[in-house]
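[1] sequence and predicted structure, then a few things I'm wondering about:
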Amino acid sequence: MRRIVMWMLGTVATVALLFGYRTSTSGPIGGSGLVAAAPRIVSTGSGPGSSNSGGSSASGGSGSGGGAAAPLADAVVNGGVARTRWGPVQVQVQIAANRIVDVRVLQQPNGNRTDAEINSYALPQLREQVLQAQSANVDGVSGATVTSDGYRQSLQSALDTAHFRG
């Protein structure tokens, strides 16, 4: 009888420890969404429709022009940082001739080996989905739902900054 009681207590303690174990060193973060770091236009082309005539690094804030901003013809734009449950996700989108031509990941969850495994298969798939869809309206990757959501949020903020309407 004593062995059964000890076995039960050991089992309960083990289950409690397993449920309390965090799988990422960054841990869950309260709330989700974009961080206050504003999206930035890293560089723009000099073609028509470009809203940056001078420097190569302009803030993505609103100007004093008053009207609706024209889409950027050629631009590289950093999206906002999406704070996800497993860590930050941030992308950079390159737009040329009113098409998304590249998406790079600037920040990704990287707290442990599982994050690296998920990112190694999910991020290339997300990039391909965006290039095919020409928007942030993509399905995401099964098994990487949290990262997919953060990727879409950051991408959409970059596309909004570039006034991209695909």
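    Sure, I can see it.
[2] can you classify the nearest residue to residue 86 once chain neighbours are set aside as helix, strand or coil?
    Sequence neighbours aside, residue 109 is the residue nearest to residue 86 in space, at 4.1 Å (criterion: Cβ to Cβ, 6 or more residues apart in numbering). Placement of C-beta: from N, CA and C, glycine included. Classification of residue 109 by DSSP: H, G, I helix; E, B strand; the rest coil places it in coil.
[3] spit out the contact partners of residue 119.
    Residue 119 makes contacts with 105, 108-110, 144, 147, as judged by Cβ atoms under 8 Å, 6 or more residues apart in numbering.
[4] no no, residue 79
    Taking Cβ under 8 Å, 6+ apart, we find residue 79 in contact with 39, 90-93, 153-159, 161.
[5] from those residues, which land in helices?
    153-159, 161 (DSSP state H).
[6] re earlier: can the contacts of residue 79 go into JSON lines with extra columns for pLDDT?
    Formatted as JSON lines, the entries for those read as follows, by pLDDT from 0 to 100:
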{"residue": "39", "pLDDT": "50"}
{"residue": "90", "pLDDT": "94"}
{"residue": "91", "pLDDT": "94"}
{"residue": "92", "pLDDT": "94"}
{"residue": "93", "pLDDT": "93"}
{"residue": "153", "pLDDT": "94"}
{"residue": "154", "pLDDT": "94"}
{"residue": "155", "pLDDT": "93"}
{"residue": "156", "pLDDT": "92"}
{"residue": "157", "pLDDT": "93"}
{"residue": "158", "pLDDT": "91"}
{"residue": "159", "pLDDT": "91"}
{"residue": "161", "pLDDT": "89"}
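[7] now those residues: which count as buried?
    With neighbours counted by 16 or more other Cβ atoms under 10 Å, the contacts of residue 79 contain buried members at 39, 90-93, 153-159, 161.
[8] tell me the one among those nearest to residue 11.
    Nearest to residue 11 among the buried ones among the contacts of residue 79, counting by Cβ to Cβ, is residue 153 at 40.8 Å.
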